[in-house]
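*Asks:* Sharing a sequence plus its predicted fold:
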Amino acid sequence: MKIIDLKLVFTTLLFIFVFISGIMLSKYGRPLNIVLFTIHKVVSLLALILTIIVIYNLLRGVDLKITYCSMILVTSIFFISAIVTGGLLSIERMTNNLILISHKVLSLLTLISIAVTVYFFINLKV
C-alpha cells in the first residue's frame with residue numbers, strides 16, 4: 001500500500017469518526033455535550049484539512065479523467081453542505097427539523113461519497 005493510500009484510508013477513518021460522534025451528539029440531545037461537540041468539530045476540521053492536502057498531493061502532476069474530478073467535486077459539495085447545516089444546528093434558535101434532516105442526509109451522502117471516491121483513487125492506475 002502506497003503512502004497516499006494510507007492517507008486516504010486515514011482520512012476516511014476520520015470522517016467515519018465524525019459521523020459516529022455526530023450520531024452520539026444527536027442521541028444526547030440538547031444541551032449539547034460540549035466535550036463531544038468540540039471533538040466533533042475539531043476532527044471535522046482536521047478531516048477537511050487532511051483531505052485538501054491529500055487531494056492536492058494526489059492531483060499534483062496527474063491528468064485525471066473527468067470522472068475523478070466530478071467525484072471530488074460532488075464529495076466536496078456534500079461535505080461543505082454538511083458543515084454548513086451542522087453549524088446551523090449548533091445555533092440553538094436556528095434548530096428545526098428541515099436543517100436536522102438535511103444535516104443527517106448530507107452527512108450520510110458525504111460518507112458514502114468519500115468511501116466511493118477513496119475506493120476509486122486507491123485503484124487508480126497512474
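*Replies:* Cool, got the structure. Just so it is clear, the model here is predicted, and its values are computed rather than measured.

*Asks:* how about the helices of this protein, start to end?
*Replies:* Remark: helices assigned in the chain by DSSP state H are 3-28, 34-59, 66-90, 97-122.

*Asks:* a markdown table please, covering these and showing mean pLDDT and mean neighbour count.
*Replies:* From N, CA and C alone the C-beta is placed, and that goes for glycine too. Shown next, in a markdown table, are the helices of the chain (pLDDT from 0 to 100; neighbours: other C-beta atoms under 10 Å):
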| stretch | mean pLDDT | mean neighbour count |
| --- | --- | --- |
| helix 3-28 | 81 | 16 |
| helix 34-59 | 84 | 15 |
| helix 66-90 | 85 | 16 |
| helix 97-122 | 86 | 16 |
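
*Asks:* quick one, what contacts the nearest residue to V54 once chain neighbours are set aside?
*Replies:* Closest residue in space to V54, ignoring its immediate chain neighbours: K7 at 4.7 Å, by C-beta to C-beta, 6 or more residues apart in numbering. K7 makes contacts with 50, 53-54, 57, as judged by C-beta atoms under 8 Å, 6 or more residues apart in numbering.

*Asks:* just those now: which is nearest T75?
*Replies:* Closest approach between these and T75, by C-beta to C-beta: V54, at 12.0 Å.

*Asks:* you'd agree the closest one is up against L8?
*Replies:* Yes. Between V54 and L8 a contact is recorded at 6.1 Å, counting by C-beta atoms under 8 Å.

*Asks:* residues in contact with S107?
*Replies:* Here S107 is in contact with 18-19, 22, 82, 86 (C-beta under 8 Å, 6+ apart).

*Asks:* how close does the residue nearest to it when sequence neighbours are not counted get to Y56?
*Replies:* Using C-beta to C-beta, 6+ apart and skipping the chain neighbours, the partner closest in space to S107 is A82 (4.9 Å). Distance, A82 to Y56, by C-beta to C-beta, to the nearest Å: 21 Å.
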